[in-house]
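got a sequence here, can you build the structure:
(one chain, ligands or ions: 2)
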Amino acid sequence: MPYCPDCLQEARAGDSRCPLDRSLFVCSSCPRCEAEVFAKERFCAACGSHLEAGPARLAARLKTASVPARMAATLLDGLALLVVYEVWLSLGWPAGPPALALLAAAWWVLLPLGAGQTLGQHVMGQVVLTEDRRSLSLRESLGRTLAAALTWAFLGPVRALFRADGSTLSDLWTRTRTWSLVAAPRRAGPGSGS
Ligand SMILES: [Zn+2]
Ligand SMILES: [Zn+2]
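Ligands and ions are numbered 1, 2, ... in the order given. Just a heads-up that it's a prediction; the model follows:
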């Protein structure tokens, strides 16, 4: 049963986010026997091993984000980052490329941590996870952002982005993916036939 990693309430069918805190629901499994683990269990019901905070996988329905959707998210992030930079300048903090690079690094490294999203990804319904749908650690997020910055700097956005399945070179190198949340199919209620 998927559950909220923050308030531990169990997911209702079809929801991908907790209605209370908007966290994405996750599923956990026992690191030893792979049996499904429920929200508040401290020991595995199948093999009895003590459950450390194991890797949780996102329970939402996902597909790899398409190239146009990723570019839209990146564009939105760029615009939002410019607004943040304006605020930064209005505070009288140092201007210039180093400041902008620092802001951009913080934006793309810190926001996707723990199944988080950048603003643009939030608007586009995307989330950055590893290939096996775990949320990123700080190291993974840092590696991903560095790899992305390198490919963009040396190959340009076109070569760095355009792969048939929407993944980028940095996705492949760091074994991460940008996923698109897929809305659950709506169940036809009584009288909703057309
Ligand atoms: Zn919650
Ligand atoms: Zn177990």
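
and the protein, what are its domain boundaries?
Domain assignment for the chain, taken from automatic domain parsing, gives 1-60, 62-181.

in JSON lines: those, plus mean pLDDT, mean neighbour count and distance to ligand 2.
In short, each C-beta sits where N, CA and C put it, glycine included. Supplementary listing: the domains of the chain in JSON lines, determined by pLDDT from 0 to 100; neighbours: other Cβ atoms under 10 Å; distance: least, Cβ to the ion, whole Å:
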{"stretch": "domain 1-60", "mean pLDDT": "84", "mean neighbour count": "15", "distance to ligand 2": "3"}
{"stretch": "domain 62-181", "mean pLDDT": "87", "mean neighbour count": "16", "distance to ligand 2": "18"}
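
so can I have TSV of those domains showing distance to ligand 1?
Output for those, formatted as TSV (distance: least, Cβ to the ion, whole Å):
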stretch	distance to ligand 1
domain 1-60	3
domain 62-181	12
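
how about the helices in the protein?
67-90, 97-110, 119-124, 138-161, 169-174 (DSSP state H).

wait, isn't residue 36 in contact with residue 29?
Yes. Taking contacts as Cβ atoms under 8 Å, residue 36 lies within contact range of residue 29: 5.6 Å.

output the helices of the chain in TSV; the columns should cover distance to residue 42.
Below are the helices of the chain laid out as TSV (distance: least, Cβ to Cβ, whole Å):
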stretch	distance to residue 42
helix 67-90	38
helix 97-110	30
helix 119-124	32
helix 138-161	26
helix 169-174	32
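
and residue 46, which of those is closest to it?
Using Cβ to Cβ as the criterion, the shortest distance between residue 46 and the helices of the chain is 28.7 Å, found for helix 138-161.

what's that closest one packed up against?
For helix 138-161, the contact count by 3 or more Cβ pairs under 8 Å, 6 or more residues apart in numbering; DSSP states H and E identifies helix 67-90, helix 97-110, strand 126-130, helix 169-174 as packing neighbours.
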